[in-house]
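Undergrad: What follows is a predicted structure for the sequence shown.
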Amino acid sequence: MMKQLCILLAFVSAAAWTVTADSKKQINDEEVLDKWLGKWRYHLVSESAAWSPIPGEHSGTSSTEWILDGHFQQTFSKDDGTETREIRRYDAKTNTYHKWTFNSSGSDSFWIGRWDEEYSTMTWQYVDFGPGITGEIVDHFSPTGNYKTRLVMKDPKGNMLLDVRIEHVRTRKEVD
């Protein structure tokens, strides 16, 4: 009987330790998403590519907040009349981040991200639903909390479809 009690106690302790470790990991993963929270000013530079043959620059603002009881994060941005929404979340089952983007011109996309703590960088891979397009977004955070984004999309032959660089400067940590 004593042996069974010890085994049961060891099992319960191991289960509790696992839950605690997983809970701490979840908090850390949410802290990664907290890097996007607040109000931002951004400046976008697009290089000549198939989807943007004329290089250009745009500036705008964005705001990011937690929604739906903290299970998702939403970013709203606007520049030159185009509105964009991004929804992000952490997926504990796959240990990856998900990002959906939608804009007022009717475009949408889905991305899967991986966080690199050593380099304070999130690398998002485009999920293609058909024509063989590849894409990558790299968000690199500086020690000051601002970040730079590089977005590249290519067709199946490797031709550049989109080449964009964005600098984001936080104007407020909180959103009204």
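TA: Alright, I've got the coordinates. Residues are numbered from 1 along each chain as shown.
Undergrad: what sits against the residue nearest to residue 104 when sequence neighbours are not counted?
TA: Take residue 104 and drop its neighbours on the chain: the residue closest to it by C-beta to C-beta, 6 or more residues apart in numbering is residue 83, 4.3 Å away. In this view, the C-beta of every residue, glycine as well, is placed from N, C-alpha and C. When contacts are counted by C-beta atoms under 8 Å, 6 or more residues apart in numbering, residue 83 touches 76-77, 103-104.
Undergrad: Of all the residues in stretch 131-143, which ones are buried?
TA: Neighbour counts over stretch 131-143 (16 or more other C-beta atoms under 10 Å) mark 135, 137-139, 141 as buried.
Undergrad: returning to that earlier point: any figure for the gap between the residue nearest to residue 104 and residue 102?
TA: In this view, residue 83 and residue 102 are 9 Å apart by C-beta to C-beta, to the nearest Å.
Undergrad: Can you tell me the element residue 33 falls in?
TA: helix 2-34 (DSSP states H and E).
Undergrad: mind exporting the next helix-or-strand element following that helix as CSV, just the C-alpha atoms?
TA: With elements assigned by DSSP H and E, the helix or strand that comes after helix 2-34 is strand 38-46. Provided in CSV are the C-alpha atoms of strand 38-46 (Å, rounded to 0.1, in the frame of the first residue of the first chain):
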residue,chain,number,x,y,z
GLY,A,38,0.6,49.8,-28.3
LYS,A,39,0.4,52.6,-30.8
TRP,A,40,3.0,52.9,-33.6
ARG,A,41,4.1,55.2,-36.4
TYR,A,42,5.6,53.4,-39.4
HIS,A,43,7.4,54.2,-42.6
LEU,A,44,7.3,51.7,-45.5
VAL,A,45,9.6,51.6,-48.5
SER,A,46,8.7,49.3,-51.4
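Undergrad: starting at the chain centroid, how far to strand 38-46?
TA: Centroid separation between strand 38-46 and its chain, computed with C-alpha atoms, centre = their mean, to the nearest Å, is 15 Å.
Undergrad: One more: stretch 148-157?
TA: Taking the mean of its C-alpha atoms, stretch 148-157 sits 16 Å from the chain's own mean (C-alpha atoms, centre = their mean).
Undergrad: can you pull the buried residues of it?
TA: Quick answer for stretch 148-157 (16+ other C-beta under 10 Å): 149, 151-154.
Undergrad: Likewise for stretch 80-99?
TA: 84, 86-90, 96-99.
Undergrad: nearest residue to residue 30 other than its sequence neighbours?
TA: Excluding its sequence neighbours, the residue lying closest to residue 30 (C-beta to C-beta, 6+ apart) is residue 90, at 6.5 Å.
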